[in-house]
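*Asks:* Compute the structure for the input listed below.
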Amino acid sequence: MTTTTTQIKQGKTGIFDRIESQVRSYSRSFPKLFGKAKGATIYGHDGREYIDFLAGCSSLNYGHNDPDMQAALIDYVTSDGIAHGLDMFTEAKEGFLLAYERLILRPRNMDYKLMFTGPTGANAVEAALKLARKVTGRTNVIAFTNGFHGMTLGALAATGNAGKREGGGTPLNGVHRAPFEGYFGPEVDTADMLEQMLDDPSGGVDAPAAILVEPVQGEGGLNAASGAWLKKIEKIAKKHGALFILDDIQAGCGRTGTFFSFEEFGLDPDIITQAKSLSGMGLPFALTLIKPEHDIWKPAEHNGTFRGNNHAFVTARVALEKFWSDDSFSKSIAKKSAHLETRLGAIAERYGFSLRGRGMMQGIDTQDGDTAGDICAKCFEKGLIIETSGGHDEVVKVLCPLTIDMDLFDKGLDIIEDAFEAILAKDSPRVAAE
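*Replies:* Presented below is the predicted three-dimensional model:
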């Protein structure tokens, strides 16, 4: 049977149902054939425009197909730049390292070695956990309720979601689960609880190799840790000889307003993991940042065929130079973040809900997964791509590109507001966009 190009463009081939695995997920929420994207807009095969409030789960913080990154990549490819070089020295890698040192590490007085892992965030976490165990000689890792760190077995063991964990098909060991900040309500200090258990020789918690935490839990419901709580966790780690690992994969690269999501808190982690928007335009790319004294790897002790991505080196360098050479981008994110909080806060207040997250990583806790799912489905009908978060998928989660213009931003927020009204059957006047 011959399939025409027209049929493919119209999505009439049935190829996805015929041979693609049932494991696919986002396509179930957004059953549409997409063809191109620019900025904060994705275009369907029929030409319909969709505002993107998902942004590749924070992999597209700078929007789709940034023209400067796009041009640099095209120039690199057409000039026969090295596409694959294992972990050999290349001009593309050198350019990225120099830019990262100059624009990220030095201005923040940070001293780290950069480890290029396989291209996913999960691999960056796997490397961090393996190294922490190697450095300390211990096996236990403390991770937190509602945390998400990846789908490979080591990272999955540190992930809290039961549905994801069940997919592992084998016991997931070596991790003690501690309650994240606010898990038992605001009156319970879970950092103090953890410290008491570790201090007690009968507390039942083995001495940890590492304490692994997300400053903002992206998949776990947009739970944002306070600086005070994170400082306590860091102090506990150091007190008990554990490495303090911050997973900044979804919350980093400007999502909360600064390059690292924890900058304002004065933390000094032993290891930081990065991925998602690190490449600048959605190319696979991950890093594990390691304090020099912990960089005790033997050559190739943790390796991978695709560690380092030369095409991503090119676009990531442009992203750093374009957006992080001064504080103008951070200031623009702060302005949009305040606007987002105002708009979402008004919707949440109208229906008796609460806000979650911080920066440009905020959402509304509807307290019910079906309600949040229906709201997101209604948004898609109206031309907005947005997803849920949380243990019960109860949070309507905004993750639009940080570069979105204000008019399009408000148009997307208007759709959210209308969707809440449609699903919850409330006849309330719209909050005016400011």
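*Asks:* Export only the CA atoms of the one helix or strand residue 16 maps to, formatted as PDB.
*Replies:* Element membership for residue 16, per DSSP states H and E: helix 15-19. This file holds the C-alpha atoms of helix 15-19, laid out as PDB (Å, rounded to 0.1, in the frame of the first residue of the first chain):
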ATOM      1  CA  ILE A  15       0.700   4.900  11.500                       C
ATOM      2  CA  PHE A  16       0.700   5.900  15.100                       C
ATOM      3  CA  ASP A  17      -2.000   3.500  16.200                       C
ATOM      4  CA  ARG A  18      -0.700   0.800  13.900                       C
ATOM      5  CA  ILE A  19       2.900   0.500  15.000                       C
END
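*Asks:* what's it in contact with?
*Replies:* Helix 15-19 is contacted from outside by 24, 27, using CB atoms under 8 Å, 6 or more residues apart in numbering. For every residue, glycine as well, the C-beta is placed using N, CA and C.
*Asks:* Identify the residues contacting the residue nearest the centre of the chain.
*Replies:* Centroid-nearest residue in the chain: residue 250, 1.4 Å away (criterion: CA atoms, centre = their mean). By CB under 8 Å, 6+ apart, residue 250 lies in contact with 57-58, 121, 214, 216, 218-219, 276, 361.
*Asks:* Max pairwise distance over those: which two?
*Replies:* Spatial extent of the contacts of residue 250 (CB to CB) is set by the pair 121 and 361 at 15.4 Å.
*Asks:* out of these two, which sits in the more crowded spot?
*Replies:* residue 121 (29 against 26; other CB atoms under 10 Å).
*Asks:* I'd like the distance from the closest residue to the residue nearest to the centre of the chain other than its chain neighbours to residue 226, if you could.
*Replies:* With CB to CB, 6 or more residues apart in numbering as the criterion, residue 250 has its nearest non-adjacent residue at 3.5 Å, and that residue is residue 218. Applying CB to CB, to the nearest Å, the value for residue 218 to residue 226 is 17 Å.
*Asks:* before we move on, what about residue 413?
*Replies:* Counting by CB to CB, the gap from residue 413 to residue 226 is 26 Å.
*Asks:* I'd assumed residue 103 was in a helix, is it?
*Replies:* Yes - counting by DSSP: H, G, I helix; E, B strand; the rest coil, residue 103 is part of a helix.
*Asks:* by contact count, what packs against whichever strand or helix holds residue 350?
*Replies:* Using DSSP H and E, residue 350 maps to helix 328-351. Judged by 3 or more CB pairs under 8 Å, 6 or more residues apart in numbering; DSSP states H and E, helix 328-351 is in contact with strand 354-358, strand 361-365, helix 406-424.
*Asks:* Tell me how many other residues crowd residue 256.
*Replies:* Count around residue 256 with other CB under 10 Å applied: 27.
*Asks:* Surely it touches residue 362?
*Replies:* No - between residue 256 and residue 362 no contact is recorded; they are 9.7 Å apart, counting by CB atoms under 8 Å.
*Asks:* Now for the two: what residues contact both?
*Replies:* Any residue near both residue 256 and residue 362 by CB under 8 Å, 6+ apart counts here, and that gives residue 337.
*Asks:* Out of the contacts of residue 250, which sit inside strands?
*Replies:* Among the contacts of residue 250, the residues falling in strands (DSSP state E) are 216, 361.
*Asks:* TSV for the contacts of residue 250, including pLDDT and distance to residue 355?
*Replies:* As requested, the contacts of residue 250 are exported to TSV (pLDDT from 0 to 100; distance: CB to CB, whole Å):
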residue	pLDDT	distance to residue 355
57	96	20
58	97	18
121	96	25
214	98	18
216	98	13
218	95	15
219	94	17
276	98	23
361	98	11
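*Asks:* Tell me the one of the contacts of residue 250 nearest residue 383?
*Replies:* Of those, the one sitting nearest to residue 383 (CB to CB) turns out to be residue 57, at 19.7 Å.
*Asks:* Mind putting the helices and strands packed on helix 328-351 into a markdown table with distance to residue 167?
*Replies:* As requested, these are arranged in a markdown table below (distance: least, CB to CB, whole Å):
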| stretch | distance to residue 167 |
| --- | --- |
| strand 354-358 | 25 |
| strand 361-365 | 25 |
| helix 406-424 | 30 |
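*Asks:* Check these for me and report the most buried one.
*Replies:* strand 361-365 (a mean of 25; mean count of other CB atoms under 10 Å).
*Asks:* Need the contact partners of it.
*Replies:* Here strand 361-365 has contacts from 58, 216, 218, 221-222, 250-251, 255-256, 337, 340-341, 344, 347-348, 353-357, 389-390, 394-399, 420, using CB under 8 Å, 6+ apart.
*Asks:* before we move on, what about stretch 220-228?
*Replies:* With CB under 8 Å, 6+ apart as the test, stretch 220-228 has contacts from 145-148, 160-161, 180-182, 213-217, 262, 264-267, 356-358, 361-363, 365, 389-391, 394-395, 397.
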